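**Q** Here is a sequence with its predicted model. Questions after.
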Protein chains: 2
Amino acid sequence: MTEDKVKGKLIIIGGAEDKEGGCEILKKVVELSGGKDSRIVVMTTATLKPEETGSLYRKVFNRLGVEKIDILHINNREEANSSCLVEMIKQASGIFFTGGDQLRITSILGGSAVGSALHSAYLNGVVIAGTSAGASVMSDTMIVEGDSDSAPKKCTLKMAPGLGLIKEVVIDQHFAQRGRIGRLLCAVAQNPYVLGVGIDEDTAIVVNEEGSFEVIGSQSVTVVDGSTIRYSNVSESDPDQPLSLTNVTIHILPKGYCFDLKKRQPRKGKNNL
Amino acid sequence: MTEDKVKGKLIIIGGAEDKEGGCEILKKVVELSGGKDSRIVVMTTATLKPEETGSLYRKVFNRLGVEKIDILHINNREEANSSCLVEMIKQASGIFFTGGDQLRITSILGGSAVGSALHSAYLNGVVIAGTSAGASVMSDTMIVEGDSDSAPKKCTLKMAPGLGLIKEVVIDQHFAQRGRIGRLLCAVAQNPYVLGVGIDEDTAIVVNEEGSFEVIGSQSVTVVDGSTIRYSNVSESDPDQPLSLTNVTIHILPKGYCFDLKKRQPRKGKNNL
């Protein structure tokens, strides 16, 4: 959480969320943003196909009953400082980041007037949702690139500063579907202070004001807790050498399961698991 | 280990071992089988291309200095009971199982005279090596099929009795490369008594007489220890529902790292990690 006074919620989606069936995740975005009365801003900055992606989400949110939808194609830093666009962010009750390239989001919005309006909106109670690249940017430090389906190695992992809406966490998306456990383990090994959260496709975490999340959607969330690590060679190994790590703790949490980010404790309802 | 009196070693390879470069893993097979004086039997039962696969391994083992190489194309249970083939197994100092389909190995050799000769050979000090499907068959219960790159679910996992050369362990191969952590977690969750050992491509474990293994090769071995699991819904969940599991312990071990299978303890040299 950015600070104790956060009033907003985050919906962090592992990509490829259902847009045609029950739309469980996107319905949750609408519900938490205020239902039919919500005003949703779709941020297409991540994608190089903003028109196509924007109109796809307009259609879905429309079908889910939302009338007030603004699609913001912010494509450069000049636009990211436009006071007119800042005004649109201020009026939103929900803000949705599409997928694409996470570095586009941070390099264009980071340190801009729109970027700072996003933080204020979140602090003031607005829902911030993001899918795929739009999920990765939520954390302080984000994974930009890294080998999928491979053993954890330092050289394959590239990280960069994210939007910082969620602290002490590193998010990965398309998680099981792209075999990303190796790169998330590597990220966590570098500093076990951060908790690794790998979100599968069509799956999301809803992070509340108290710093807990609940899983929704059809697949699972993998939590990698490195605080139990007894040994790692991450600092002395060569970049292309496979990492060694012992005693990492893993939790697999599907729909309905919760996780307390401060206590690093999985829960279901009120029961610690 | 089948019993305390085992004198043989196992070399369990995650598939796609190097056959053209330094051949680290296959060299180890030769070395432990007796070097240039070894007599290696290659078992092609798993594959539907036995001639091709057999001659490939004959070339490699030849290049590594072995002169006495027998290729055994056992294709049915009648052959698996041939006393002449049993004799060849008896004369081997190393036995190598190629990749293919693990059910071919167990359905053809299981309960046959050759199958029982294999066990005796292992007890008496012969090296048994296997790659890919030939690795999976080593354990008591083996993974036959299961989704790669997906969240752990019961329905996607099929298991069957293996050759039982290594007890209390379930092996998976092509591990990181095919994103198989989900299916191995599912196997372990069903009975945390078994230790999950996921072996990457061009990587192997060398299991010694004392019940420890050392990792060799270019990638990593992932050990999944379910004895720390606090909660799992594996018995009550629907087959197609994603599993929930908390507090699984994971170790990532590259080349040079060891693991004591009895104590479930990672080591490097004499140091517990």
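**A** Looks like it came in fine.
**Q** tell me the contacts of the residue of the stretch 51-200 of chain A found nearest chain B?
**A** At 2.8 Å from chain B, A:Gly179 is the closest residue in the stretch 51-200 of chain A, using Cβ to the nearest Cβ. In short, each C-beta sits where N, CA and C put it, glycine included. Contact partners of A:Gly179, counting by Cβ atoms under 8 Å, 6 or more residues apart in numbering or on different chains, are A:148-150, B:148-149, B:176-179, B:181.
**Q** Which two of these have the greatest separation?
**A** A:Ser150 and B:Ser148 (13.5 Å; Cβ to Cβ).
**Q** of these two, who's got more company?
**A** A:Ser150 (22 against 19; other Cβ atoms under 10 Å in any protein chain shown).
**Q** which residues touch the more buried one?
**A** By Cβ under 8 Å, 6+ apart, A:Ser150 lies in contact with A:156, A:179, A:182-183, B:176-177, B:219.
**Q** In terms of secondary structure, what does the longest strand along chain A contact?
**A** In terms of residue count, the longest strand belonging to chain A (DSSP state E) is strand A:245-254. Strand A:245-254 sits against helix A:181-190, strand A:220-225, strand A:231-232, strand B:245-254, with contacts defined as 3 or more Cβ pairs under 8 Å, 6 or more residues apart in numbering or on different chains; DSSP states H and E.
**Q** Let me know whether the shortest one sits next to chain B.
**A** Spelled out, it's strand A:231-232. Yes - counting by Cβ under 8 Å from any Cβ of the partner chain, chain B is contacted by strand A:231-232 at A:Tyr231.
**Q** Show me what whichever helix or strand comes after the longest strand of chain A packs onto, helices and strands only.
**A** Moving toward the C-terminus from strand A:245-254, the next helix or strand (DSSP states H and E) is strand A:258-260. Contacts defined by 3+ Cβ pairs under 8 Å, 6+ apart place strand A:258-260 against strand A:212-217, strand A:265-268.
**Q** does any bit of the shortest one sit next to chain B?
**A** Yes - counting by Cβ under 8 Å from any Cβ, contacts between strand A:265-268 and chain B involve A:266, A:268.
**Q** Break down the stretch 101-250 of chain A into its strands, ranges please.
**A** In the stretch 101-250 of chain A, the strands defined using DSSP state E, counting those that start in this stretch lie at A:127-131, A:141-145, A:158-161, A:169-172, A:195-199, A:203-207, A:212-217, A:220-225, A:231-232, A:245-254.
**Q** Mean neighbour count and mean pLDDT added to these, as CSV?
**A** Shown next, in CSV, are the strands of the stretch 101-250 of chain A (neighbours: other Cβ atoms under 10 Å in any protein chain shown; pLDDT from 0 to 100):
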stretch, mean neighbour count, mean pLDDT
strand A:127-131, 28, 98
strand A:141-145, 20, 90
strand A:158-161, 14, 91
strand A:169-172, 26, 96
strand A:195-199, 27, 98
strand A:203-207, 28, 98
strand A:212-217, 22, 98
strand A:220-225, 26, 98
strand A:231-232, 20, 94
strand A:245-254, 24, 97
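**Q** Take those and write them to JSON lines, including distance to B:Val127.
**A** Output for the strands of the stretch 101-250 of chain A, formatted as JSON lines (distance: least, Cβ to Cβ, whole Å):
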{"stretch": "strand A:127-131", "distance to B:Val127": "51"}
{"stretch": "strand A:141-145", "distance to B:Val127": "41"}
{"stretch": "strand A:158-161", "distance to B:Val127": "42"}
{"stretch": "strand A:169-172", "distance to B:Val127": "40"}
{"stretch": "strand A:195-199", "distance to B:Val127": "38"}
{"stretch": "strand A:203-207", "distance to B:Val127": "45"}
{"stretch": "strand A:212-217", "distance to B:Val127": "46"}
{"stretch": "strand A:220-225", "distance to B:Val127": "36"}
{"stretch": "strand A:231-232", "distance to B:Val127": "30"}
{"stretch": "strand A:245-254", "distance to B:Val127": "28"}
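**Q** right, and those - which one's nearest B:Ile171?
**A** strand A:245-254 (19.2 Å).
**Q** give me the element A:Val86 is part of.
**A** Residue-wise, A:Val86 maps onto helix A:83-91 under DSSP H and E.
**Q** Which other helices and strands does that helix contact?
**A** Checking 3+ Cβ pairs under 8 Å, 6+ apart, helix A:83-91 ends up next to strand A:39-43, strand A:68-72, helix A:113-123.
**Q** Now render these as a markdown table, adding mean pLDDT.
**A** Shown next, in a markdown table, are these (pLDDT from 0 to 100):
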| stretch | mean pLDDT |
| --- | --- |
| strand A:39-43 | 98 |
| strand A:68-72 | 97 |
| helix A:113-123 | 97 |
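**Q** Let me have these in a markdown table, extended by mean neighbour count and distance to chain B.
**A** Below are the helices and strands packed on helix A:83-91 laid out as a markdown table (neighbours: other Cβ atoms under 10 Å in any protein chain shown; distance: least, Cβ to the nearest Cβ, whole Å):
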| stretch | mean neighbour count | distance to chain B |
| --- | --- | --- |
| strand A:39-43 | 25 | 28 |
| strand A:68-72 | 19 | 31 |
| helix A:113-123 | 19 | 29 |
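**Q** I'd like those as a markdown table, with distance to A:Gly164 appended.
**A** Conversion of those to a markdown table gives the following (distance: least, Cβ to Cβ, whole Å):
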| stretch | distance to A:Gly164 |
| --- | --- |
| strand A:39-43 | 16 |
| strand A:68-72 | 20 |
| helix A:113-123 | 8 |
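**Q** which stretch among those comes nearest A:Glu52?
**A** Nearest to A:Glu52 among the helices and strands packed on helix A:83-91 is strand A:68-72 (11.0 Å), distances taken as Cβ to Cβ.
**Q** if we look at the closest one, which residues are touching it?
**A** A:38-45, A:50, A:54-55, A:57-58, A:61-62, A:85, A:88-89, A:92.
**Q** residues touching the residue nearest to the spatial centre of chain A, list them.
**A** Computing the C-alpha centroid of chain A and ranking residues by Cα atoms, centre = their mean puts A:Ala135 first, at 2.5 Å. Residues in contact with A:Ala135 (Cβ under 8 Å, 6+ apart) are A:12-15, A:97, A:171, A:173, A:199.
**Q** just so I know, which of the helices and strands packed on strand A:245-254 lies nearest B:Ser237?
**A** In terms of Cβ to Cβ, the element of those nearest to B:Ser237 is strand B:245-254, at 10.5 Å.
**Q** Up against chain B, what does the stretch 51-200 of chain A have?
**A** Contacts of the stretch 51-200 of chain A with chain B, taken as Cβ under 8 Å from any Cβ, map to A:148-152, A:176-179, A:181-182, A:185, A:200.
**Q** again, only this time at 10 Å
**A** Residues of the stretch 51-200 of chain A lying close to chain B (Cβ under 10 Å from any Cβ of the partner chain) are A:147-153, A:174-182, A:185-186, A:189, A:200.
**Q** count of residues packed around A:Tyr193?
**A** There are 9 residues near A:Tyr193, going by other Cβ under 10 Å.
**Q** Where does the prediction get shaky in chain A?
**A** Counting by pLDDT under 70, chain A has low-confidence residues at A:1-4, A:155.
**Q** what sits against the residue lying closest to A:Gly99 once chain neighbours are set aside?
**A** Nearest non-adjacent residue to A:Gly99, counting by Cβ to Cβ, 6 or more residues apart in numbering or on different chains: A:Ser132, 3.1 Å away. Contact analysis of A:Ser132 by Cβ atoms under 10 Å, 6 or more residues apart in numbering or on different chains lists A:13-17, A:46-47, A:97-102, A:173-174, A:199, A:201.
**Q** How much space separates A:Ser132 from A:Val206?
**A** A:Ser132 is 17 Å from A:Val206, where distance means Cβ to Cβ, to the nearest Å.
**Q** Same check on A:Tyr57?
**A** Applying Cβ to Cβ to A:Tyr57 and A:Val206 gives a distance of 18 Å.
**Q** cool, A:Ser232 as well?
**A** From A:Ser232 to A:Val206 the distance is 31 Å (Cβ to Cβ).
**Q** For burial, what's the neighbour tally of the closest residue to A:Ser148 other than its chain neighbours?
**A** Spatial nearest neighbour of A:Ser148, chain neighbours left out: A:Arg178 (4.2 Å); criterion: Cβ to Cβ, 6+ apart. Burial of A:Arg178 is recorded as 20 neighbouring residues (other Cβ under 10 Å).
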